[in-house]
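A.B. asks: Here's a sequence, model it:
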Amino acid sequence: MNFLRNIFNKRESKELDSMDFVPVSKTGKMQYLGEALKGIVSSNKIKFPKELGEEHPFDYQEIEKLMKKYGIINAIVDKYVEFILSSGINVTSKDKRAKDIIEKWKQDVSFQSHLKPWLKEAISKGFGAMELGLSGNNISEMKVLNSNYLYINRDDTGVIENINQYIKPLQFFDNKIKDDVVVFTPDELAILQINKFNSEAYGYGIVYPLLYIIDDLLGSRKEMHKLMERKANNPFIFIGGDKDKKEFPTKSAMQSLKNKLEYLRNEHEWVISDLWKPTTLDFGNIGDKFEFIVKNDIEILYMAAQIPAFLMGEASIAEGLAKEQMKGFLYRIQSMREDIEKIIEEKIFKRILLANGIEAHVEIIWGLPSEDEKNDRLKVLNEIAKNPFISPQLKNQVEMQIAQNLDIPEEKTISPEEERKQEEEEEKLPKVPSGNEHTHYTEEVYVGKDCCNIGFSEEALEKTRNMTVQEWVGFNYQYYSEDVIKFLETYDFKLLRGFTKTEIRAGLFTSKEIEKLRESLREAMEKNMTIRELEELINKRIDVKDRYVLKNGQMVKGKDGKPKLAVRKEIRPNLIARTETVKISNEGTKLNYKKNGINKVSWVAALSERTCQVCEELNGKIYPINNTPEIPAHPDCRCTLSPVIED
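C.D. replies: Residues are numbered from 1 along each chain as shown. Alright, predicted model coming up:
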């Protein structure tokens, strides 16, 4: 196992050779930087090629070989991964919609299946990287990369500038062949580092610090098995002659015995003279000689890995000691989970929510508490509740905690005073239609009726197809073009976007299709295309399928057992073009109003004999700009929001 020691020696020599020092002045005094957080960090650049970035702290490939070859090392890493992901990752948030989006996204990209290899890379090597396949601002795909070929490139202050991937041997590097190196920005990878020291570029994982112990353990076992093999062969020792009788074997007799022994087999039977006294080599009890050494090496290995011995199959552990070991291990798991949470929440979940237009915090919940943990907590809570001297407020909180532990639904109650205040606040605000009353592209799509002057007849479709976007939305949105495009860049298309396979089959769009729609709308808005041109652009870039009615995540079926059709694919591109241009132009205009100090807006409906009741009731009402009804109120809605100037 000398190659393990070579990994250490190689690392130690490199640290001495490549140590960077903070420069000093001519007077010999240390130069101090004047700005905060500008301290220079030590780096260990690859000697050749330097362009790739910083060298790995040890040979990742050797660690990989070690894990593949020796099951005990792989088992230790797997135990860590299994305990971290024991019950999977769940999420919670004050914003229910944010939680639903993340849960659907997890299912859509099979997030759980990517976590295990990502964690295994980070825990074993100290550096794990997961590529985030971006579709616009959203993450549509994920892939775990092999850390062996990834190199971090940092500036002098330790900020990661990029991560380079190079899969060929370093001696074959040619900076003229740009295709050999894949460059990732920090936003394109979720980097997880385990057991990181100070300001070094990489973590060390849990295997590298165990190498000396592993080397000793494997060396002891190798020597033990070698002696066992020799003992199994049972070598003979022949003592010739008799000193008392002064009789000694001749050279020819010795050669004859040697020849016989060379061809000795189990079936041979022969007798030797009384001048020869055969004995066997006595190794003693090999097990006793090596038992302490091997057992001691294994115990030290588990201690250094901070893993309970009984989890690895060690049976002779006292119950009290096992509990203490397990408690310490769970603290270690919790610490690692906290590091993982930061990466997932900030690098992944936050980006997905922003891509869907939501600024909310989603918190990770690691599985569920065990029954033993629940019971221990309940005992403590019950004892507190029995105390006659606790305040009513504290007693109420304790009872709520008991109900949560027993999964009893909480009955929310408020005082009469709080209820009266809520009613007064609600009366001050204009009534806003709820999202279930009359919104577009929802479970029951508003289809089949003429509304706001335009319906779904062929005549109506042809009438609108020759309108420009500006004519359709009813005002010159190009005055606000910068804010309209700004809104479009972050628009989540929440009612067109599908997250599950069922939703995609029902006609909702994948993340890639959403980006194609975004690009089509941007082009149409910038060029003020006609509805016909935008419709053709959508048809060209996206496979617009029939849209079926969805309810509770499932397609609604009629009496014939077939899914109910909400929108035919023949009219759907036109419906999308007309509805989404109204959405984008109005929301972009609202952004402009806010920048210019407009606090209230008025709802302006397109009035005629075809105007729907909802839009007619909204017409002329004034709302705070941050509390307007959803616009458009339904498919093909042509209403707009007009600024209200206050004296």
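A.B. asks: And the residue positioned nearest the centre of the chain, how far from residue 198?
C.D. replies: Nearest residue to the geometric centre of the chain (C-alpha atoms, centre = their mean): residue 344, 4.9 Å. Going from residue 344 to residue 198 by C-beta to C-beta, to the nearest Å gives 24 Å. In this view, the C-beta of every residue, glycine as well, is placed from N, C-alpha and C.
A.B. asks: what's the answer for residue 310, then?
C.D. replies: As for residue 310, its distance to residue 198 is 34 Å (criterion: C-beta to C-beta).
A.B. asks: Any stretches of the stretch 151-300 of the chain with poor pLDDT?
C.D. replies: Residue ranges of the stretch 151-300 of the chain with pLDDT under 70: 176-178, 220-237, 243, 261-275, 277-292, 294.
A.B. asks: And for residue 157, the neighbour number?
C.D. replies: For residue 157, the tally of surrounding residues (other C-beta atoms under 10 Å) stands at 13.
A.B. asks: Find the helix or strand that it is a member of.
C.D. replies: Taking DSSP states H and E as the definition, residue 157 sits outside all helices and strands.
A.B. asks: Kindly confirm my reading that residue 175 is in a strand.
C.D. replies: No. Secondary structure of residue 175 (DSSP: H, G, I helix; E, B strand; the rest coil): coil, not part of a strand.
A.B. asks: Mind checking what secondary structure the residue nearest to it when sequence neighbours are not counted has?
C.D. replies: The shortest distance from residue 175 to any non-neighbouring residue, by C-beta to C-beta, 6 or more residues apart in numbering, is to residue 51 (5.9 Å). What three-state DSSP gives for residue 51 is helix.
A.B. asks: Quick check: the gap between residue 51 and residue 187.
C.D. replies: Per C-beta to C-beta, residue 51 is found 21 Å from residue 187.
A.B. asks: Of these two, which one has the most company?
C.D. replies: Neighbour comparison, residue 51 and residue 187: the larger count goes to residue 51, with 14 against 10 (by other C-beta under 10 Å).
A.B. asks: Just name the shakiest helix or strand of the protein by mean pLDDT.
C.D. replies: Ranked by mean pLDDT, DSSP states H and E, the weakest helix or strand in the chain is helix 2-17, scoring a mean of 47.
A.B. asks: which is the next helix or strand following it?
C.D. replies: Reading on from helix 2-17 to the C-terminus, the next helix or strand found by DSSP H and E is helix 60-69.
A.B. asks: Check the average confidence over the very next helix or strand once past that next one, would you?
C.D. replies: Downstream of helix 60-69, the first helix or strand assigned by DSSP H and E is helix 71-84. Here helix 71-84 scores 90 as its mean pLDDT.
A.B. asks: Just the C-alphas of the helix or strand following helix 71-84, formatted as CSV.
C.D. replies: Next helix or strand after helix 71-84 toward the C-terminus (DSSP H and E): strand 89-92. The C-alpha coordinates for strand 89-92 follow below in CSV (Å, rounded to 0.1, in the frame of the first residue of the first chain):
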residue,chain,number,x,y,z
ILE,A,89,-35.4,16.1,1.1
ASN,A,90,-38.7,17.8,1.7
VAL,A,91,-39.4,21.6,1.6
THR,A,92,-41.5,24.0,3.5
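A.B. asks: by contact count, what packs against the helix or strand just after strand 89-92?
C.D. replies: Downstream of strand 89-92, the first helix or strand assigned by DSSP H and E is helix 96-108. Contacts defined by 3 or more C-beta pairs under 8 Å, 6 or more residues apart in numbering; DSSP states H and E place helix 96-108 against strand 89-92, helix 350-355.
A.B. asks: Contacts for helix 96-108, please.
C.D. replies: With C-beta atoms under 8 Å, 6 or more residues apart in numbering as the test, helix 96-108 has contacts from 89, 91-93, 111-112, 139, 349, 352-353, 356, 358, 360-362, 499-500.
A.B. asks: Buried ones in it, by neighbour count?
C.D. replies: Within helix 96-108, the residues that qualify as buried are 98, 99, 101, 102, 103, 104, 105, 106, 108, counting by 16 or more other C-beta atoms under 10 Å.
A.B. asks: rewinding a little: Three-state assignment for the residue nearest to the centre of the chain, please.
C.D. replies: Look at residue 344: counting by three-state DSSP, its state is helix.
A.B. asks: who touches it in this structure?
C.D. replies: With contact taken as C-beta under 8 Å, 6+ apart, residue 344 is in contact with 89, 190, 364.
A.B. asks: for those residues, which one is nearest residue 483?
C.D. replies: For those, the minimum distance to residue 483 (C-beta to C-beta) is 32.2 Å, reached by residue 190.
A.B. asks: how near is that closest one to residue 601?
C.D. replies: Counting by C-beta to C-beta, the gap from residue 190 to residue 601 is 41 Å.
A.B. asks: Residue 582 now?
C.D. replies: Distance of residue 582 to residue 601, given as C-beta to C-beta: 15 Å.
A.B. asks: and what of residue 577?
C.D. replies: Counting by C-beta to C-beta, the gap from residue 577 to residue 601 is 25 Å.
A.B. asks: In terms of neighbours, single out the busier of the two.
C.D. replies: Between residue 577 and residue 601, residue 577 has the larger neighbour count (other C-beta under 10 Å), namely 29 against 24.
A.B. asks: re earlier: of the contacts of residue 344, which is the most crowded?
C.D. replies: Of these, with other C-beta under 10 Å as the count, residue 190 tops at 23 neighbours.
A.B. asks: my guess is it is in a strand, correct?
C.D. replies: Yes. Counting by three-state DSSP, residue 190 is located in a strand.
A.B. asks: Bridged to it, which residues?
C.D. replies: Note on residue 190: beta-bridge partners residue 130, judged by DSSP bridges.
A.B. asks: Please report the distance of it from residue 555.
C.D. replies: 34 Å.
A.B. asks: next one: residue 203
C.D. replies: For residue 203 relative to residue 555 (C-beta to C-beta), the value is 47 Å.
A.B. asks: now do residue 564
C.D. replies: As judged by C-beta to C-beta, residue 564 and residue 555 stand 8 Å apart.
A.B. asks: And these two? Which one has more around it.
C.D. replies: More crowded of residue 564 and residue 555, by other C-beta under 10 Å: residue 555, with 17 against 14.
A.B. asks: The more buried one bridge partners, please.
C.D. replies: As for beta bridges, residue 555 partners with residue 550 under DSSP bridges.
A.B. asks: Overlap in contacts, residue 564 and residue 555.
C.D. replies: Joint contacts of residue 564 and residue 555 (C-beta under 8 Å, 6+ apart) are 548, 549.
A.B. asks: And the protein, what are its domain boundaries?
C.D. replies: Using automatic domain parsing, the domains assigned to the chain come out as 3-206, 217-256+272-303, 458-644.
A.B. asks: Residue 339 is nearest to which of those?
C.D. replies: Of all these, domain 3-206 sits nearest to residue 339, with 7.3 Å by C-beta to C-beta.
A.B. asks: hang on, residue 632 is in a helix, isn't it?
C.D. replies: No. Applying three-state DSSP, one finds residue 632 to be coil, outside a helix.
A.B. asks: OK, contacts around it?
C.D. replies: Each residue near residue 632 by C-beta under 8 Å, 6+ apart is listed here: 440, 579, 582, 583, 586, 638, 639.
A.B. asks: do the same with residue 74
C.D. replies: Residue 74 sits next to 67, 68 when contact means C-beta under 8 Å, 6+ apart.
A.B. asks: How about residue 194?
C.D. replies: By C-beta under 8 Å, 6+ apart, residue 194 lies in contact with 122, 123, 126, 128, 203, 204, 205, 206, 336, 339.
A.B. asks: at 10 Å instead, please
C.D. replies: Residues in contact with residue 194 (C-beta atoms under 10 Å, 6 or more residues apart in numbering) are 80, 119, 121-128, 202-206, 336, 339-340.
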